[in-house]
Structure formats: structure tokens, C-alpha cells
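>>> fold the following.
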Amino acid sequence: MDSIEAVFEETAAPPDRPREVLDVRDLGPPNPLAKTLELLPELSDETVLVQRNDRVPQFLLPKLDDRGYVYESVEREADVITLIWNP
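Numbers count the residues shown, from 1 in each chain. Now for the predicted structure:
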């Protein structure tokens, strides 16, 4: 499974919304969390953020819950894709 489209098919993320990709695979902690939380308020409510990471962003997930976002992570061989969106 290489494409982002395949990840959308595996999740409940709305596939018809605009998308913004944020690749944080090469950033050390806490930069992936910080970059994601900085970017989310700048996006329209309709946009799905596609975060590419080298691991499940376990410290980010409670912060997303606190802010009312919905998310799903899909672990792949080369990366972890976390889709984040407003309900």
C-alpha cells in the first residue's frame, strides 16, 4: 500500500475533502507534535491533514482529542499515516 488514497480507503476520513500533507518523518521530538498543532488551526475546517511520520504520534493523539479532532493512523512498512480532520 503506497498511496495516500489507499490509506483513505482504510479509514473513516472523508475522501472528498481537500488535503494538506505534512511530512514529519525526519524531525526529532517534539517537532512533529509542534508542527502539527501549529498547522491545524491554519487549515480550513474542511481540510484533512495527512501527517506522515516514522511512528504513531502517541503524544499528539490526546491533544487532538482535547481539541475535538477526529483521527486515524495506518501503520505501513515505510511510515505511519495519521489522517486528522474536523468532524
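
>>> identify the bridge partners of the closest residue to residue 51 other than its chain neighbours.
Among residues not flanking residue 51 along the chain, residue 82 sits closest, at 4.5 Å (C-beta to C-beta, 6 or more residues apart in numbering). Where C-beta positions appear, they are placed from N, C-alpha and C, glycine not excepted. Residue 82 has these beta-bridge partners by DSSP bridges: residue 51, residue 73.

>>> for residue 82, give me its contacts.
Residue 82 makes contact with 50, 51, 53, 56, 57, 60, 71, 72, 73, 74, according to C-beta atoms under 8 Å, 6 or more residues apart in numbering.

>>> out of these, which are buried?
The neighbour count (16 or more other C-beta atoms under 10 Å) marks 50, 51, 53, 57, 60, 71, 73, 74 as buried among these.

>>> just to revisit the earlier point, distance of the residue nearest to residue 51 relative to residue 11?
Look at residue 82 and residue 11: by C-beta to C-beta, to the nearest Å, they are 10 Å apart.
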